[in-house]
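>>> Give me coordinates for this.
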Amino acid sequence: MGVGVSNWELASAVAKRGQLGVVSATALDHVLAMRLMDGDKGGFMRQAMAQFPVSVPALKVLDRYFIPGGRAEGAPYKSIPVYSTKPGAFLSRLTTIANFVEVHLAKRGHDGLIGVNRLEKIQMPTLASLYGAMLAGVDYVLMGAGIPTQVAGILDKLARHEAVSYRLDVKNTAKDEEVTVEFDPEALFPGIAKLVGNLKRPKFIPIISSVVLGMALIKRSEGSVDGFVVEAPIAGGHNAPPRGKMNLTEKGEPIYGDKDLVNFEQLARLGKPFWLAGGFGRAGGLQKALEAGATGIQVGTAFSLCNESGIEPELNQEILDLVMEGKAEVFTSPAKSPTGFPFKIAGVPGTMSEDEVFDARTRVCDVGMLRTLEVNAEGNVEYRCPSEPEEDFVRKGGTLEGAVGRTCLCNNLLATIGLAKPRKDGYIEDPIVTSGDDLKLASSFVKPGNTSYSVNDVLDVLLEA
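Numbering: from 1, shown residues only. Predicted coordinates for the structure are as follows:
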């Protein structure tokens with residue numbers, strides 16, 4: 001869920017109940033560095049970093065970013081490297097350590113299962129991210145927002161600490177030309193293979209929206225696919241675009257039709273276990289999925305507002321209050337996300353769901369997770385994002401129309417979990433809240449007399465039948 005919403009605390013609480021707790025692996029390099037600069041409240045980051053198998057790289061991260069007591073109020077964060085096709089050794093180590101930290105903390109104190117969720121759209125950090133999670137013993141890797149054919153084979157190699165590469169989606173490359181990002185565990189962490197031995201190879205679960213995509217992954221995957229999560233368009237975050245021509249409702253939301261429905265009987269014939277997502281995080285949802293042949297369900301929206309969620313507490317309560325008052329609304333925007341995928345946004349005052357808040361932000365791209373890559377006329381790889389300053393986007397070959405209405409999900413989602421960046425001009429990044437259409441049902445998890453709810457409250461409802 002987003003950036004840091006499904007954090008180690010939430011995932012751990014789910015796993016302790018015998019379910020699969022999943023942490024969001026998006027932008028964890030930034031999340032760890034910013035938590036350290038905010039003083040590492042509770043000391044959890046440093047506790048986990050002390051367990052990293054090779055101490056020197058972890059100490060270097062601490063030396064660069066940890067601020068005892070936290071940075072002064074309103075002070076900017078120190079700069080954090082941005083990914084390119086040739087990331088520096090420090091950034092690769094930071095990403096590895098950050099993913100280790102999140103998974104290590106999620107797995108601490110119980111024998112339950114922990115997974116990580118990554119986006120195929122965010123390719124350059126993938127190798128370091130997977131390796132860090134595997135060093136911490138992650139059990140599952142889930143991946144959506146694209147066709148992740150390379151990941152299963154990479155997991156096989158990383159389990160043996162082998163050097164790996166990832167073919168990047170780069171526009172305008174010459175025929176048969178590949179642009180890759182490289183990752184060599186032994187070069188970055190000398191002696192680590194002998195130190196820890198072979199790693200457990202986690203199960204790989206792609207997130208799909210159609211049987212056709214599932215068939216393609218089974219056929220083209222470079223390693224074993226262990227099942228699928230099948231996401232309906234009412235799920236939160238990014239949705240797959242409607243099949244065929246994009247048509248919009250009067251409100252401006254994409255219209256999904258029969259072609260976007262998944263035939264569960266055909267899905268079962270693929271011979272892989274599958275979990276259903278979008279509309280099943282409610283009382284009776286699990287039973288309905290099991291009757292359709294599913295192994296279980298994936299739930300995001302219900303957990304996103306629980307006490308253990310990474311959403312900044314005051315914002316979390318504000319959203320839940322809107323739900324309790326019957327005022328919660330979710331809009332599926334075809335334009336807000338720089339990925340071009342439809343993106344669900346909850347209407348919350350003071351957030352990027354409001355036009356005046358969006359218009360007040362000066363465009364800046366300093367996280368860069370959702371940039372696209374294209375070879376320019378000089379033969380160099382150009383990095384561009386529709387959410388960066390319009391003049392930069394157009395100079396790099398984009399169009400002004402393509403930049404209209406795009407928001408910086410990287411910075412907005414960091415702000416949602418309390419990591420809002422102050423700018424030199426005094427502006428502080430505003431959050432954006434993503435949620436599935438089931439947001440209005442969140443009140444069903446609040447027990448009488450309470451104003452909030454926990455992971456256990458959600459699971460009590462979901463597992464009741």
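>>> Which stretches in this protein count as strands?
Listed from the start of the chain, the chain has strands (DSSP state E) covering 20-24, 113-119, 140-144, 164-167, 170-171, 180-183, 203-208, 228-231, 274-277, 296-298, 330-333, 343-346, 372-375, 381-384.
>>> List the contacts of the residue nearest to His238 when sequence neighbours are not counted.
Using CB to CB, 6 or more residues apart in numbering and skipping residues adjacent in sequence, the residue nearest His238 is Phe341, 4.4 Å away. Where you see a C-beta, it was placed from the backbone N, CA and C, and this is true even at glycine. Under the criterion of CB atoms under 8 Å, 6 or more residues apart in numbering, the neighbours of Phe341 are 121, 145, 238-241.
>>> how near is Phe341 to Ser209?
In this structure, Phe341 and Ser209 are 11 Å apart, going by CB to CB, to the nearest Å.
>>> what touches both of those two?
If you check Phe341 and Ser209 against CB under 8 Å, 6+ apart, the residues they both contact are 239-240.
>>> ranges for the helices of the stretch 251-400 of the chain?
With DSSP state H, counting those that start in this stretch as the criterion, the stretch 251-400 of the chain has helices at 264-268, 285-291, 301-304, 313-324, 355-359, 390-395, 400-403.
>>> closest to Thr149 out of the ones you listed?
helix 264-268 (18.9 Å; CB to CB).
>>> Can you add distance to Leu370 and give the helices of the stretch 251-400 of the chain back as JSON lines?
As requested, the helices of the stretch 251-400 of the chain are exported to JSON lines (distance: least, CB to CB, whole Å):
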{"stretch": "helix 264-268", "distance to Leu370": "29"}
{"stretch": "helix 285-291", "distance to Leu370": "31"}
{"stretch": "helix 301-304", "distance to Leu370": "20"}
{"stretch": "helix 313-324", "distance to Leu370": "22"}
{"stretch": "helix 355-359", "distance to Leu370": "17"}
{"stretch": "helix 390-395", "distance to Leu370": "13"}
{"stretch": "helix 400-403", "distance to Leu370": "13"}
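>>> Dump those helices to CSV, plus mean neighbour count, mean pLDDT and distance to Lys16.
Supplementary listing: those in CSV, determined by neighbours: other CB atoms under 10 Å; pLDDT from 0 to 100; distance: least, CB to CB, whole Å:
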stretch, mean neighbour count, mean pLDDT, distance to Lys16
helix 264-268, 15, 89, 30
helix 285-291, 16, 93, 18
helix 301-304, 27, 94, 14
helix 313-324, 17, 95, 21
helix 355-359, 12, 93, 37
helix 390-395, 15, 92, 45
helix 400-403, 14, 91, 45
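>>> List the contacts of stretch 51-59.
Defining contact as CB under 8 Å, 6+ apart, one finds that stretch 51-59 is touched by 49-50, 93, 96-97, 100-101, 104, 135, 188-192, 195-196.
>>> Flag every buried residue along stretch 135-145.
Neighbour counts over stretch 135-145 (16 or more other CB atoms under 10 Å) mark 135-136, 138-145 as buried.
>>> oh sorry, the question was meant for stretch 50-63
Applying a neighbour-count criterion of 16+ other CB under 10 Å, the buried positions in stretch 50-63 are 52, 54, 57-58, 61-62.
>>> Can you tell me which of the residues you listed is nearest Lys175?
Here the nearest of the buried residues of stretch 50-63 to Lys175, counting by CB to CB, is Pro57; it sits at 39.3 Å.
>>> Which other helices and strands does the lengthiest helix in the chain contact?
Among the elements of type helix in the chain, defined by DSSP state H, the one spanning the most residues is helix 89-107. In this structure, helix 89-107 packs against helix 8-15, strand 20-24, helix 28-37, helix 44-49, helix 55-65, strand 113-119, helix 126-135, helix 185-188, with contacts taken as 3 or more CB pairs under 8 Å, 6 or more residues apart in numbering; DSSP states H and E.
>>> try 6 Å this time
In terms of contacts (3 or more CB pairs under 6 Å, 6 or more residues apart in numbering; DSSP states H and E), helix 89-107 is packed against helix 8-15, helix 28-37, helix 44-49, helix 55-65, strand 113-119, helix 126-135.
>>> For Ala89, grab the count of nearby residues.
Burial measure for Ala89: 11 neighbouring residues, criterion other CB atoms under 10 Å.
>>> Without its sequence neighbours, what residue ends up closest to it?
When the adjacent residues along the chain are set aside, Ala89 lies closest to Leu188, with 6.0 Å between them (CB to CB, 6+ apart).
>>> Quick one, grab the pLDDT at the one you found.
Per-residue confidence (pLDDT) for Leu188: 97.
>>> What is the burial count for it?
Other residues near Leu188 number 18, with proximity taken as other CB under 10 Å.
>>> so where is the stretch 251-400 of the chain shaky, pLDDT-wise?
In the prediction, the stretch 251-400 of the chain carries no residues with pLDDT under 70.
>>> Dump the buried residues of stretch 135-145 to CSV, plus pLDDT and distance to Asp169.
Written out in CSV, the entries for the buried residues of stretch 135-145 read as follows (pLDDT from 0 to 100; distance: CB to CB, whole Å):
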residue, pLDDT, distance to Asp169
Leu135, 98, 27
Ala136, 98, 28
Val138, 98, 25
Asp139, 98, 28
Tyr140, 97, 24
Val141, 97, 19
Leu142, 96, 20
Met143, 92, 14
Gly144, 86, 15
Ala145, 77, 12
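>>> between those residues, which is nearest Gly426?
Nearest to Gly426 out of the buried residues of stretch 135-145 is Ala145 (CB to CB; 34.2 Å).
>>> count of neighbours near the nearest residue to Arg243 once chain neighbours are set aside?
Nearest in space to Arg243, with sequence neighbours left out and distances taken as CB to CB, 6+ apart, is Lys259 at 4.3 Å. Residues within reach of Lys259, counting by other CB under 10 Å, total 9.
>>> ok, the spatially closest residue to Glu312 that is not a sequence neighbour - how many residues close by?
With CB to CB, 6+ apart as the measure, Gly418 is the residue that lies nearest to Glu312, at 3.9 Å, once sequence neighbours are left out. Burial measure for Gly418: 17 neighbouring residues, criterion other CB under 10 Å.
>>> wait, doesn't Ser209 sit right on Ala240?
Yes - using CB atoms under 6 Å, Ser209 and Ala240 qualify as a contacting pair, with a distance of 3.8 Å.
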